[in-house]
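>>> quick one, what's the 3D model for this:
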Amino acid sequence: FQFNVPYYNSSMSRAILQPFEAYQKARVQFVQTVAELASRSQNIEALQSAGVMALLRPLLLDNVPSIQQSAALALGRLATHSDDLAEAIVSNQILPQLVYSLSEQNRFYKKAAAFVLRAVARHNEQLAQAVVDSGALDSLVICLEEFDPSVKEAAAWALSHIAKHTADLAQAVVDANAVPLLVLCVQEPEIALKRISAGALSEICKHTPDLAQAVVDAGATPFLSSLISHNDAQLKKQVCSCLAQIAKHNVELAGVVVEAEIFPKILNNLKDYDAGVRKNAALCIREVAKQSPELAKLICNAGGAAAIVDYISESKGSARLPGIMTLGYIAAFDESLAMSVIASKGITPLKEALLKEPEDYIKAAAAWSLGQIGCHSSDHARAVAEHDIPSSLLMVYKFPESSDDLKSKSKKALKSILQMCNLLPALEPLITEAPDDILQYVLAQFSKTLPHDNKAKKDFVLSEGFKKIQEIQAQPGTKLRTYIDEINSLYPPEIVQYYSPNYAQTLLKKLDEYHD
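Okay, the predicted model is just below:
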């Protein structure tokens, strides 16, 4: 800063410059201190009460670049902490200043400005819409073409937080031509940029088939597939998530994912050291498996059923859920696929989840999957019954603390297995334990199976199963009474009479009559 007026001597110039320099140092110190204070949540309320937002706003237009950057950084940190502060940024008309500066300023400021936009957009749909309405999308997309990878990262992250809320916001990101540039960012060498860009594509894909198709049309799937076996866990997690979000919508999109040759390499991620990678790989496999019998068969042929069984056995809690549902989806399609799940020893970990998982929604998924395995034929039902699944399902169904959904799924699974099961010894324990609405399905199987198996008829008497059904108080005209009568008709009247609950009293009465 120099004056050209000749009669200003150096001492006078120094005296004039001094307050300007002091003012600049004070501004630098102020924004740097606020930025530091804003990084700790316990300071946020005090900063807000002190009116920090109004003081930072003019500093975004300061003539010193470092002050601009620190002001933007402080605003971003403030906005991250609460939606109230993010709304204050919107109401103070700060967003237009940031958007203008995105296209005008240096790379350091662009990164800081994109951070503020991300911090505002992350909270909810309305704030993300405010970012879009401020004209930020075009500027953010231009930032994706910057030479500096950190600017690309900041822009991709902001776009991700805009797209995640609704299909309309994700469509706005697509309409701004962000997707092809995000696909290019996935191919960049920087790991962090790959991660964030894959995450942004995932947030776009998740909403609708059309949005997922937009990502596919941009050629994303081969590049995503090539990263499944990458060394970086966070990147693999985002890649598997994105592929799952594409595959979940319909069979055509799932086919595109499979054609990108994700099998068998994605199965290796089920044993990754990172729990997030394992879970997202299982999610991706589930989304493919549910779409068609052909895709389910492809998974089984690649060793997927056995890999998923191992995954369920080695996981706990919510991480198990996608694996449990995958087995159910595979088994649901047809007999041979259900038999593949049985052959892969899938029943044991499903039973363990049904009985031992603390959360009812996981138990309910296990019950559903067991029902899908056992419902096809007597062979399938027998395989399930040999693991004592009917008794396990009944126990969960009768447990007073079970949720309505768990009870509903357990009952439905139990009924579907019972209607196919001819392994009578596995059904006998249910005679004394099952309520009438389940018991009728148990006795229906006895009435169907006993007429054709003399050994089973004898065993039923010897095991006291026959005696137990005589003790059932069934009302005339009910299905339960009908099945009991049908079973009784298979035996001589003397045996029926012998095992009747009141037979001893009848004999004693006859004895009294005889003596009289």
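>>> where exactly do the helices run in the stretch 351-500 of the chain?
Ranges of helices in the stretch 351-500 of the chain, per DSSP state H, counting those that start in this stretch, are 360-374, 378-385, 389-398, 404-418, 424-427, 429-433, 436-449, 454-462, 465-470, 479-488, 493-498.
>>> for the stretch 351-500 of the chain, which spans come out with low pLDDT?
The stretch 351-500 of the chain contains no residues with pLDDT under 70.
>>> quick one on the thing from earlier: point out the most buried one among the helices of the stretch 351-500 of the chain.
Of all the helices of the stretch 351-500 of the chain, helix 360-374 has the most neighbours on average by mean count of other Cβ atoms under 10 Å, namely a mean of 26. Every residue, glycine included, has its C-beta placed from N, CA and C.
>>> end-to-end on stretch 311-326?
Stretch 311-326 stretches 11 Å from its first residue to its last (Cα to Cα, to the nearest Å).
>>> so what touches it?
By Cβ atoms under 8 Å, 6 or more residues apart in numbering, the residues outside stretch 311-326 that reach it are 270-271, 275, 278-279, 282-283, 285-286, 289-290, 299, 304, 308-309, 327, 346, 348-350, 352-353, 357, 359, 361-362, 365-366, 368-369.
>>> could you dump the helices of the stretch 351-500 of the chain to JSON lines with distance to residue 19?
Output for the helices of the stretch 351-500 of the chain, formatted as JSON lines (distance: least, Cβ to Cβ, whole Å):
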{"stretch": "helix 360-374", "distance to residue 19": "67"}
{"stretch": "helix 378-385", "distance to residue 19": "86"}
{"stretch": "helix 389-398", "distance to residue 19": "78"}
{"stretch": "helix 404-418", "distance to residue 19": "71"}
{"stretch": "helix 424-427", "distance to residue 19": "92"}
{"stretch": "helix 429-433", "distance to residue 19": "90"}
{"stretch": "helix 436-449", "distance to residue 19": "88"}
{"stretch": "helix 454-462", "distance to residue 19": "104"}
{"stretch": "helix 465-470", "distance to residue 19": "100"}
{"stretch": "helix 479-488", "distance to residue 19": "97"}
{"stretch": "helix 493-498", "distance to residue 19": "112"}
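>>> so which of those gets nearest residue 83?
helix 360-374 (28.7 Å; Cβ to Cβ).
>>> report the distance from that closest one to the chain centre.
Centroid separation for helix 360-374 versus its chain: 17 Å, with Cα atoms, centre = their mean, to the nearest Å.
>>> likewise stretch 132-141?
Chain-centre distance of stretch 132-141: 30 Å, with Cα atoms, centre = their mean.
>>> mind checking which helix or strand residue 113 is in?
helix 107-121 (DSSP states H and E).
>>> same for that helix, what does it pack against?
When contacts are defined as 3 or more Cβ pairs under 8 Å, 6 or more residues apart in numbering; DSSP states H and E, helix 107-121 sits against helix 65-81, helix 83-91, helix 95-104, helix 125-133, helix 136-143, helix 149-163.
>>> and of these, who's closest to residue 209?
Among the helices and strands packed on helix 107-121, helix 149-163 comes nearest to residue 209, with 15.7 Å by Cβ to Cβ.
>>> packing partners for that closest one?
Under the contact definition 3+ Cβ pairs under 8 Å, 6+ apart, helix 149-163 sits against helix 107-121, helix 125-133, helix 136-143, helix 167-175, helix 178-186, helix 191-205.
>>> buried subset of the contacts of stretch 311-326, written for ChimeraX?
Here is the ChimeraX selection string for the buried members of the contacts of stretch 311-326, based on 16 or more other Cβ atoms under 10 Å:
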select :270,278,279,282,283,285,286,289,290,299,304,308,309,327,346,349,350,353,357,362,365,366,368,369
